[in-house]
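Visitor: predicted model and sequence follow; I will ask about them next.
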Amino acid sequence: NQGDTTRYEFASAIVAGLAARPGIVCRSVLPVPTSEHPRPAARPAYSVLDTNTWTAAFGQTPRRWQEALSDALCQLN
């Protein structure tokens, strides 16, 4: 899918999508700087995936990640 976001924004969108469902209680998401969450491999300060190869190969522009997430959350029982 396309569009850039942070892990925090993605997690917040998931929580918001789930909180809208009856019977589901979600806690808030707190942002954590990468510097406070060390990983075994170094991470760049900014990186996004590029969908140009997909578009060139299949002749389709991937949909926005928000739309795909909404569809995925609708599939949950």
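Guide: Structure received. Residues are numbered from 1 along each chain as shown.
Visitor: only C-alpha atoms for contact and neighbour calcs from this point on.
Guide: Noted.
Visitor: give me the distance from stretch 3-10 to the chain's centre.
Guide: How far stretch 3-10 lies from its chain's middle: 5 Å, per C-alpha atoms, centre = their mean, to the nearest Å.
Visitor: contacts for it next, please.
Guide: Val29, Leu30, Pro31, Val32, Val48, Arg64, Trp65 (C-alpha atoms under 8 Å, 6 or more residues apart in numbering).
Visitor: grab the nearest non-local neighbour of the first one.
Guide: What it means is Val29. Ser12 (5.9 Å; C-alpha to C-alpha, 6 or more residues apart in numbering).
Visitor: helix or strand: which one has that neighbour?
Guide: helix 7-19 (DSSP states H and E).
Visitor: okay, buried residues for that helix please.
Guide: Ala11, Ser12, Ala13, Ile14, Val15, Leu18 (16 or more other C-alpha atoms under 10 Å).
Visitor: follow-up on the earlier one: ok, the residue nearest to Val29 touching Pro31?
Guide: No: using C-alpha atoms under 8 Å, Ser12 makes no contact with Pro31, being 9.4 Å away.
Visitor: thinking again about what came up before, just put the buried residues of helix 7-19 in a markdown table and tack on distance to Ala56 and pLDDT.
Guide: Shown next, in a markdown table, are the buried residues of helix 7-19 (distance: C-alpha to C-alpha, whole Å; pLDDT from 0 to 100):
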| residue | distance to Ala56 | pLDDT |
| --- | --- | --- |
| Ala11 | 30 | 93 |
| Ser12 | 31 | 94 |
| Ala13 | 29 | 94 |
| Ile14 | 30 | 93 |
| Val15 | 33 | 92 |
| Leu18 | 34 | 89 |
